[in-house]
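Here is my input, please return the structure:
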Amino acid sequence: MGHKYNVPAMWTEQMGTVVAKQDELAAGAYVTGQSLDDMRAAYRKERAFWNEGGPEVFSSEDVMVPTRYGQVRVRHYRPSEEGQLPLIVYVHGGGWVIGDVDTHDRITRTLCHLTGAAVVSVDYTLAPEARFPHQIHECRDVVAYIRENAHQWGIDPEDVSFAGDSAGANMSIATMLMMRDEGSLTSVRAMLLYYGVYGLKDSSSMRLLGGAWDGLTEADYQYYLDQYFADPADVNDKYFNILGNDFSQGIPPTYVVAAGLDPLRDDSRTLVNILNLCSVPHLYNEVEGVIHGFLHHSKMLDDTMDVLSEGAHFFTEHPIHR
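Residues are numbered from 1 along each chain as shown. Down below sits the predicted model:
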């Protein structure tokens, strides 16, 4: 649709190698024209390769956590056995439709290893089996439960941070905002947000970028929104349209990453402009020559470890204020 950049001519050599490997593994799989079952199975199969290896952590355990809708699985990572650790709540991406704690395991293991924090990855109910704001409520209830049972989880209930990629970055910041608005979480240490969608309905990056290499054409993006929302008007809800919220108070230091060749790039640019206007401490890294989803590719892409390490440093440099 319209005029597009020749993105393959613009990505880095390492990114091109990753895309070639991705195409080999996926063989055109997990496209939006498939059945949901086929799409999810293909995504898990392709992501299995990228999750091999990586840093080890002291423990990784799947736990069922009660929410208002029933039990939700979370994966609890710990870098050490001892102590009351800070908590990072991670919400995975996948357009609200695909993905789970397994498809993002290397990312969350790496964050645990680099930050020294306990990391909890939330296996929220996918769309369209559940529709917005069901997933945000699940994430909110998981955070509340873990904080209420902090001793059992070995975490400091007053030292909580949020992280996520793509659709997960949207849900992660939405969960933080929901808990801020209801007064159930009065302070947050940091947010680590990777190439998120924050509510723009149109932008130059949406018009000029996106294709088969990232599965984010304009039609693909609309497909994901249609699965997530029962009511199309929910696209204006403040827990999806993140950019429409009040950022003048209660916003923690925020690390924002964008991919330079991502159709969602301008969402991050706009979020950072708002953080600037509201004097929120933040760090912005727009990684040139990479596409949406590059956080998965630490096996072959140096930029991935660069932003994970930078995000971990940002986290450690912003201790919670008591």
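
low-confidence ranges in this structure?
1-3, 27-29, 322 (pLDDT under 70).

show me where it has strands.
59-67, 70-78, 85-91, 118-123, 155-165, 191-194, 254-259, 282-287 (DSSP state E).

Pipe these into a markdown table and attach distance to residue 26 per row.
Backbone N, C-alpha and C define where each C-beta goes, glycine included. Formatted as a markdown table, those follow (distance: least, C-beta to C-beta, whole Å):
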| stretch | distance to residue 26 |
| --- | --- |
| strand 59-67 | 26 |
| strand 70-78 | 24 |
| strand 85-91 | 23 |
| strand 118-123 | 22 |
| strand 155-165 | 18 |
| strand 191-194 | 21 |
| strand 254-259 | 18 |
| strand 282-287 | 22 |
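
Looking at those strands, which is nearest to residue 30?
Minimum separation from residue 30 across the strands of the chain (C-beta to C-beta) falls at strand 155-165, 16.0 Å.

In a markdown table, list the strands of the chain along with mean neighbour count and distance to residue 131.
Formatted as a markdown table, the strands of the chain follow (neighbours: other C-beta atoms under 10 Å; distance: least, C-beta to C-beta, whole Å):
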| stretch | mean neighbour count | distance to residue 131 |
| --- | --- | --- |
| strand 59-67 | 14 | 15 |
| strand 70-78 | 18 | 16 |
| strand 85-91 | 25 | 17 |
| strand 118-123 | 26 | 17 |
| strand 155-165 | 24 | 19 |
| strand 191-194 | 28 | 23 |
| strand 254-259 | 26 | 27 |
| strand 282-287 | 18 | 31 |
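
for these, which one sits closest to residue 7?
Here strand 254-259 is closest among the strands of the chain (C-beta to C-beta), at 10.7 Å.

Using PDB, list the CA coordinates for the closest one.
The C-alpha trace of strand 254-259 is given here as PDB (Å, rounded to 0.1, in the frame of the first residue of the first chain):
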ATOM      1  CA  THR A 254      12.000   4.900  31.400                       C
ATOM      2  CA  TYR A 255      14.300   3.200  28.900                       C
ATOM      3  CA  VAL A 256      12.800   3.300  25.400                       C
ATOM      4  CA  VAL A 257      14.200   1.300  22.400                       C
ATOM      5  CA  ALA A 258      13.100   1.700  18.800                       C
ATOM      6  CA  ALA A 259      14.100  -0.200  15.700                       C
END
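
Report all helices and strands that that strand contacts.
Contact here means 3 or more C-beta pairs under 8 Å, 6 or more residues apart in numbering; DSSP states H and E; on that basis strand 254-259 packs against strand 191-194, helix 265-277, strand 282-287, helix 302-316.

Now render these as a markdown table, adding distance to residue 114.
Below are the helices and strands packed on strand 254-259 laid out as a markdown table (distance: least, C-beta to C-beta, whole Å):
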| stretch | distance to residue 114 |
| --- | --- |
| strand 191-194 | 11 |
| helix 265-277 | 21 |
| strand 282-287 | 15 |
| helix 302-316 | 4 |
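
and residue 218, which of the strands of the chain is closest to it?
Closest of those to residue 218 is strand 254-259, at 17.0 Å (criterion: C-beta to C-beta).

separation between residue 157 and residue 148?
8 Å (C-beta to C-beta, to the nearest Å).

One more: residue 9?
52 Å.

repeat for residue 59
In terms of C-beta to C-beta, residue 59 sits 21 Å off from residue 148.

residues near residue 95, how many?
Counted with other C-beta atoms under 10 Å, residues neighbouring residue 95 total 25.

Leaving out chain neighbours, which residue sits closest to it?
Among residues not flanking residue 95 along the chain, residue 224 sits closest, at 3.7 Å (C-beta to C-beta, 6 or more residues apart in numbering).

Can you show me the helices along the stretch 101-250 of the chain?
Listed in chain order, the helices of the stretch 101-250 of the chain (DSSP state H, counting those that start in this stretch) span 105-115, 134-148, 150-153, 167-182, 204-208, 218-228.

I'd like those helices as JSON lines, with distance to residue 272 and mean neighbour count appended.
As requested, the helices of the stretch 101-250 of the chain are exported to JSON lines (distance: least, C-beta to C-beta, whole Å; neighbours: other C-beta atoms under 10 Å):
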{"stretch": "helix 105-115", "distance to residue 272": "21", "mean neighbour count": "23"}
{"stretch": "helix 134-148", "distance to residue 272": "23", "mean neighbour count": "21"}
{"stretch": "helix 150-153", "distance to residue 272": "32", "mean neighbour count": "14"}
{"stretch": "helix 167-182", "distance to residue 272": "13", "mean neighbour count": "24"}
{"stretch": "helix 204-208", "distance to residue 272": "14", "mean neighbour count": "17"}
{"stretch": "helix 218-228", "distance to residue 272": "21", "mean neighbour count": "17"}
